[in-house]
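# just coords:
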């Protein structure tokens, strides 16, 4: 029976689907709606005959080698495209891409172009733009008009120096795996685009990280951006940013190698102030903070948080208050090498039950941790099902994990 339905489906869609590897033959292409093409090295990107498919909806091109450019008339021929995959194909993308006004999904990953054409900004129907591993990409065109964009993947765009203008207007943005902090930290401004997750990653070059190199933030969902000179920041923070940016490293002598800067207390305090600027939306579900160089965490109000990961935050001496979070189910803390004690403050103050929903707790690589305070007189961890304590060689006391979970 399955073969019958399969044959029927192929018969119905026979004229709408095209998988092309070695030539078109004599087929009439006027009714083709979905095409998959393998472009061999030295061949044209799209066969001329395929231009008959004026109502093409899907075009997937798989290239065996980079194609220097796409002839402008190719893209302008397919004005009804909804899905276009040119992954790994291009060195340059023509301005005619802007003519595909119905385009919803555009995959340009693993391409070699240094910039996108400005006409990308006119793709008002675009929902997904995949630029993964476009290593040469240096700038993005303004995107404020692409208001329906929900997924922008710029992971691996290592040459990208700044976020595009208008990103704060992308009110439907759900996925943004990397955010590039402007060199002038005074231009940062919080805005609430959060829909799902938030992932912050501070890339480190030196021990404890370097705020001046805090350009790559892995974010999922949220975002904060900058609008320019109209941004009004806390005067103290603005002054701190100015002082930090004006600080110049000593010039090494002819025979000296440059030494990495040594973090100071004001420096680490400034890292906390930067983190404070990243106030996420209250509906945040997941938060990952990796490589944060400050000495303490922000006390954000995140009542809907379900999962929290604190990874390799080696400068922190104190954990944030977490026990009051009513929906937190998973807590993973690893590589917090400066913490010696986990005090009662982690449980939260005025709560009858601390960590009421926590089911999984992982504490790894706390080499200096000696004591984990218990909370007497109140119930803690009532739903805990999985507990991992690993590589905490000096830990001598832990709280009661009085789980009632089945």
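Looks like it arrived, so ask away. What you see is a predicted model; the values in this text were computed from it and never measured.
# Averaged pLDDT, stretch 163-177. What do you get?
Model confidence over stretch 163-177, given as mean pLDDT, is 81.
# If you average pLDDT per helix and strand, which one of this protein comes out bottom?
strand 224-225 (a mean of 29; mean pLDDT, DSSP states H and E).
# Now do the same contact list for the closest residue to residue 115 other than its chain neighbours.
Leaving aside its chain neighbours, residue 115 sits nearest to residue 139 (5.2 Å; criterion: C-beta to C-beta, 6 or more residues apart in numbering). (Each C-beta comes from the backbone N, C-alpha and C, glycine too.) Residue 139 makes contacts with 115, 160-162, 164, as judged by C-beta atoms under 8 Å, 6 or more residues apart in numbering.
# can you pull the pLDDT of residue 110?
Note on residue 110: pLDDT of 87.
# ok, now which ones touch it?
Residue 110 makes contact with 87-88, 132-134 under the criterion C-beta under 8 Å, 6+ apart.
# buried residues in stretch 390-405?
392, 395, 398-399, 403 (16 or more other C-beta atoms under 10 Å).
# for the chain, which spans come out with low pLDDT?
Scanning the chain for pLDDT under 70 picks out the ranges 1-28, 39-49, 64-72, 181-274, 277-279, 405-406.
# Where do the helices of the chain begin and end?
With helices called from DSSP state H, the chain shows them at 2-13, 72-77, 235-246, 265-276.
# Now neighbour count too, for the contacts of residue 139, in JSON lines please.
JSON lines is the format used below for the contacts of residue 139 (neighbours: other C-beta atoms under 10 Å):
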{"residue": "115", "neighbour count": "15"}
{"residue": "160", "neighbour count": "21"}
{"residue": "161", "neighbour count": "13"}
{"residue": "162", "neighbour count": "15"}
{"residue": "164", "neighbour count": "21"}
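# Tell me which two in the residues you listed are the farthest apart.
115 and 162 (12.3 Å; C-beta to C-beta).
# if we can go back for a sec, closest one to residue 57 out of the buried residues of stretch 390-405, please.
residue 403 (53.1 Å).
# isn't the closest one right up against residue 379?
No - the criterion here is C-beta atoms under 8 Å, and residue 403 misses it with residue 379 at 10.2 Å.
# Just the buried positions in stretch 109-126, please.
By neighbour count on 16+ other C-beta under 10 Å, the buried set for stretch 109-126 is 109-113, 116-117, 119-123, 126.
# That concludes my questions; thank you for your assistance.
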